[in-house]
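S.K.: Fold the following for me, if possible:
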Amino acid sequence: MDSLAGKVAIITGAASGIGRATALSLAARGTSILVADINADAAKTVAREIETAGGDAIAQPCDITCDNAFEALKDRALDRFGRVDIVMNNAGGLTRGLPEHVPLDEWRRVLDVNLLSVVRSNLAFLPLLIAQGSGHIVNTASFAGLMTYAFDRLAYSASKAAVVQISEGLALYLRPKGIGVTVLCPGPVKTNIMASLRTFGPPTDTRGPGPAFDLMEPAEVGEQVADAILANSFMLPTHAQIRDHLIDRAGDWDGFIDRQIADPHIVARAADA
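M.R.: Numbering: from 1, shown residues only. Below you'll find the predicted structure:
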């Protein structure tokens with residue numbers, strides 16, 4: 001895309017955090033927004049915020065674990081705006097607990113929210129985007145999907161690693177068809193994902209990716225996403241220095257694990273999060 005003006009974006013998890021920030025950034029550049037979120041009232045608030053600033057937006061309640069959720073989003077966008085250009089799969093969930101304490105049902109829940117929601121989105125939107133020969137998909141993964149620095153969020157890390165791989169496969173498939181794909185991998189960002197946290201077993205220490213990664217504001221990430229869509233960039237880490245860590249790991253994986261164990265970058269107690 002050489003411009004975001006006149007385009008239409010559907011963003012899940014758009015009522016807060018990175019989703020809201022991206023909605024505001026795209027709207028400021030002339031994109032019409034469908035604000036989708038399980039919190040219907042909060043979604044309406046963001047849509048009103050965009051409209052007050054002179055943009056065009058509507059809100060739609062959405063439970064991304066429902067098989068028909070994305071078909072409903074597509075129908076609403078086509079009915080209101082007549083087209084869909086950008087789909088951002090951003091909603092997600094987090095769980096924490098030592099590997100022996102997280103039950104199978106919780107693994108199923110996290111994979112349903114973080115991974116199968118992307119599959120549902122693909123089934124709904126890919127035929128439309130392929131038929132029109134244009135568009136852009138943004139999938140929100142995580143640093144945790146690139147580098148496993150914590151052992152008490154394995155379901156989350158596994159789901160986000162899968163999102164990275166799905167996104168790369170989509171890029172191979174869709175770029176020749178004129179459709180861009182971006183995988184957003186946030187590091188520390190001020191969001192409210194911890195509000196949906198489920199904890200199992202005894203309290204654990206929260207391990208972060210390291211002191212090199214400052215806590216970012218969502219607004220900065222929203223601008224990064226808008227720029228990545230325009231540049232047709234695939235990999236979008238919020239903190240560029242993650243590349244050095246990935247190179248370090250690839251060069252000596254055993255040594256990297258040993259260094260992580262010796263310097264775990266504990267940032268908080270789970271009971272205090």
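
S.K.: any idea where the strands of the stretch 101-250 of the chain begin and end?
M.R.: Under the criterion DSSP state E, counting those that start in this stretch, the stretch 101-250 of the chain contains strands at 135-140, 179-185, 198-199, 205-207, 235-237.

S.K.: Throw those into CSV and include mean pLDDT, thanks.
M.R.: CSV is the format used below for those (pLDDT from 0 to 100):
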stretch, mean pLDDT
strand 135-140, 98
strand 179-185, 98
strand 198-199, 91
strand 205-207, 80
strand 235-237, 98
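
S.K.: Can you add distance to residue 260 and mean neighbour count and give those strands back as a markdown table?
M.R.: Just so you know, the C-beta spots here come from the backbone N, C-alpha and C atoms, and that holds for glycine as well. As requested, these are arranged in a markdown table below (distance: least, C-beta to C-beta, whole Å; neighbours: other C-beta atoms under 10 Å):
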| stretch | distance to residue 260 | mean neighbour count |
| --- | --- | --- |
| strand 135-140 | 24 | 25 |
| strand 179-185 | 18 | 24 |
| strand 198-199 | 22 | 16 |
| strand 205-207 | 8 | 17 |
| strand 235-237 | 18 | 20 |
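
S.K.: between these, which gets nearest to residue 68?
M.R.: Among the strands of the stretch 101-250 of the chain, strand 135-140 comes nearest to residue 68, with 19.5 Å by C-beta to C-beta.

S.K.: helices and strands around that closest one, which ones?
M.R.: Applying 3 or more C-beta pairs under 8 Å, 6 or more residues apart in numbering; DSSP states H and E, one finds that strand 135-140 contacts strand 86-89, helix 117-132, helix 154-174, strand 179-185, helix 218-231.

S.K.: what sits up against the second one?
M.R.: With C-beta atoms under 8 Å, 6 or more residues apart in numbering as the test, helix 117-132 has contacts from 10, 12, 64-65, 67, 69-71, 73-74, 83-84, 87, 89, 91, 135, 137, 139, 163, 166, 170, 174, 177, 179.

S.K.: now swap in the shortest one and tell me
M.R.: The set of residues external to strand 86-89 that reach it, using C-beta under 8 Å, 6+ apart, is 7-12, 14, 19, 22, 26, 31, 64, 117-118, 121, 125, 129, 135-140, 225, 229.

S.K.: Provide the strand pairings for that strand, with the direction of each partner.
M.R.: Sheet partners assigned to strand 86-89 using DSSP bridges are listed as strand 8-12 (parallel), strand 135-140 (parallel).

S.K.: Pipe those strands into TSV and attach distance to residue 259 per row.
M.R.: Formatted as TSV, the strands paired with strand 86-89 follow (distance: least, C-beta to C-beta, whole Å):
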stretch	distance to residue 259
strand 8-12	36
strand 135-140	28
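
S.K.: Would you mind telling me which of the ones you listed is nearest residue 102?
M.R.: strand 135-140 (21.8 Å).

S.K.: Next, the angle from the closest one to helix 154-174.
M.R.: Counting by axes from the mean of the first three to the mean of the last three C-alpha atoms, to 10 degrees, strand 135-140 points 160 degrees away from the direction of helix 154-174.

S.K.: rewinding a little: could I get the strands of the stretch 101-250 of the chain as JSON lines with distance to residue 157?
M.R.: Output for the strands of the stretch 101-250 of the chain, formatted as JSON lines (distance: least, C-beta to C-beta, whole Å):
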{"stretch": "strand 135-140", "distance to residue 157": "14"}
{"stretch": "strand 179-185", "distance to residue 157": "12"}
{"stretch": "strand 198-199", "distance to residue 157": "15"}
{"stretch": "strand 205-207", "distance to residue 157": "11"}
{"stretch": "strand 235-237", "distance to residue 157": "15"}
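
S.K.: can you tell which of those strands is closest to residue 250?
M.R.: Here strand 235-237 is closest among the strands of the stretch 101-250 of the chain (C-beta to C-beta), at 14.7 Å.

S.K.: give me the low-pLDDT residue ranges for the chain?
M.R.: Along the chain, the model assigns pLDDT under 70 to residues 266-273.

S.K.: Check the gap between the residue lying closest to residue 153 once chain neighbours are set aside and residue 215 for me.
M.R.: Spatially, and ignoring its direct neighbours in sequence, residue 153 is nearest to residue 96 (5.5 Å; C-beta to C-beta, 6 or more residues apart in numbering). Applying C-beta to C-beta, to the nearest Å, the value for residue 96 to residue 215 is 19 Å.
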